[in-house]
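S.K.: Okay, predicted coordinates and the sequence, questions at the end:
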There are 2 protein chains.
Amino acid sequence: MVTTQSDPMLRGDPYAADCPTRRILDRIGDRWTVLIVGVLGEGDARFSELRRRVCGVSQKMLTQTLRGLERDGLVRRTVHPEVPVRVEYALTEAGRTLLGPLRALQEWSIEHLSDVSAAQKAYDGAE
Amino acid sequence: MVTTQSDPMLRGDPYAADCPTRRILDRIGDRWTVLIVGVLGEGDARFSELRRRVCGVSQKMLTQTLRGLERDGLVRRTVHPEVPVRVEYALTEAGRTLLGPLRALQEWSIEHLSDVSAAQKAYDGAE
DNA sequence: CTGAATCCTACAGGATACTG
DNA sequence: CAGTATCCTGTAGGATTCAG
């Protein structure tokens, strides 16, 4: 037994290395996960479509990230056995619930980008 | 001029590599930023305190991350020139505005952790 | 078209030692 | 105490090639 006093796990504190927050951070930590979920939030998409829209992602990373999301039950992968195979990706129900928090972050970014840039400039200028 | 048609920058789309969302993601991308901001959200703290609370962070990473946050104007660093020097870190006004979105993510984590774990288990079991 | 497999490199980041 | 400076390593992740 580790410690049960007022369960730090449930408080979601960053203290414990196995806190759920960390698990998720490790997931969305890489830049691609968030971006891909964001795009899929606007509608289902196939592989090449995602690759085009998530500018800068390599084939390897796209595949890898999608696999991870699929494994986590956040994305559903559907293979259509047509002539040139067609694969569609879509957010699952759980995946869609992630859109809210992600959008909050996105809005914060847009809202504070100029402030942050200004702060950086000031900081750098003051050496 | 790149393109001004309905400004993708302001839409915050993940398409453009220089979209504001990406800038922020690169910032909070590393696991430590989020955790440190989280701790500071509960009150000011000094260096060694942060190091103790953010379990697992190395001295190097803590310093580095704090510098970055300071540069972004999200954290304020105050040096008290006492005998053994004392340094206090605190969220700035801007830094505090980040707490909301971060908490949303944290709550999502706690809420969906078991689902995600179950999905992983199922995925792995199904080869 | 959608990937899997391999190779290779840059850099994140830990460990360690030293300073004001 | 709160860092800075070095060294060293693992690995994320790009480029390339092959396959169903």
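M.R.: That came through, no problem. Numbering: from 1, shown residues only, chains lettered A, B, ... in the order given.
S.K.: What's the local residue count around A:R22?
M.R.: Residues within reach of A:R22, counting by other CB atoms under 10 Å in any protein chain shown, total 22. All C-beta spots, glycine's among them, are computed from the backbone N, C-alpha and C.
S.K.: again but with A:S58, I slipped
M.R.: Using other CB under 10 Å, the number of residues around A:S58 comes to 10.
S.K.: what's the answer for the one 4 residues further on, then?
M.R.: A:L62 is flanked by 18 other residues according to other CB under 10 Å.
S.K.: Surely it forms part of a strand?
M.R.: No: counting by DSSP: H, G, I helix; E, B strand; the rest coil, one finds A:L62 to be helix, located in no strand.
S.K.: and A:G95, what element?
M.R.: Using DSSP states H and E, A:G95 maps to helix A:93-97.
S.K.: Is chain B within reach of that helix?
M.R.: Yes: contact between helix A:93-97 and chain B, assessed by CB under 8 Å from any CB of the partner chain, occurs at A:A94, A:T97.
S.K.: Show me what whichever helix or strand A:R51 is part of is packed up against.
M.R.: Using DSSP H and E, A:R51 sits in helix A:47-53. Helices and strands touching helix A:47-53, by 3 or more CB pairs under 8 Å, 6 or more residues apart in numbering or on different chains; DSSP states H and E, are helix A:31-40, helix A:59-71, strand A:86-91.
S.K.: The same query, at a cut-off of 7 Å, please.
M.R.: When contacts are defined as 3 or more CB pairs under 7 Å, 6 or more residues apart in numbering or on different chains; DSSP states H and E, helix A:47-53 packs onto helix A:31-40, helix A:59-71.
S.K.: That helix and DNA strand D, are they touching?
M.R.: No: Helix A:47-53 does not reach DNA strand D (CB under 7 Å from any atom of the strand); its nearest approach is 10.2 Å.
S.K.: Now that helix: buried residues?
M.R.: Neighbour counts over helix A:47-53 (16 or more other CB atoms under 10 Å in any protein chain shown) mark A:F47, A:L50, A:R51, A:R53 as buried.
S.K.: starting at the chain centroid, how far to that helix?
M.R.: 16 Å (CA atoms, centre = their mean, to the nearest Å).
S.K.: Can you pull up the most central residue in chain A?
M.R.: With distances taken as CA atoms, centre = their mean, A:V34 lies nearest the centre of chain A, 2.4 Å away.
S.K.: quick one: that residue and A:A104 touch, right?
M.R.: No: in this structure, A:V34 is not within contact of A:A104 by CB atoms under 7 Å, at 11.9 Å.
S.K.: ok so, going back, which one of the helices and strands packed on helix A:47-53 lies nearest to DNA strand C?
M.R.: Shortest distance between DNA strand C and these, using CB to the nearest atom of the strand, is found for helix A:59-71: 4.4 Å.
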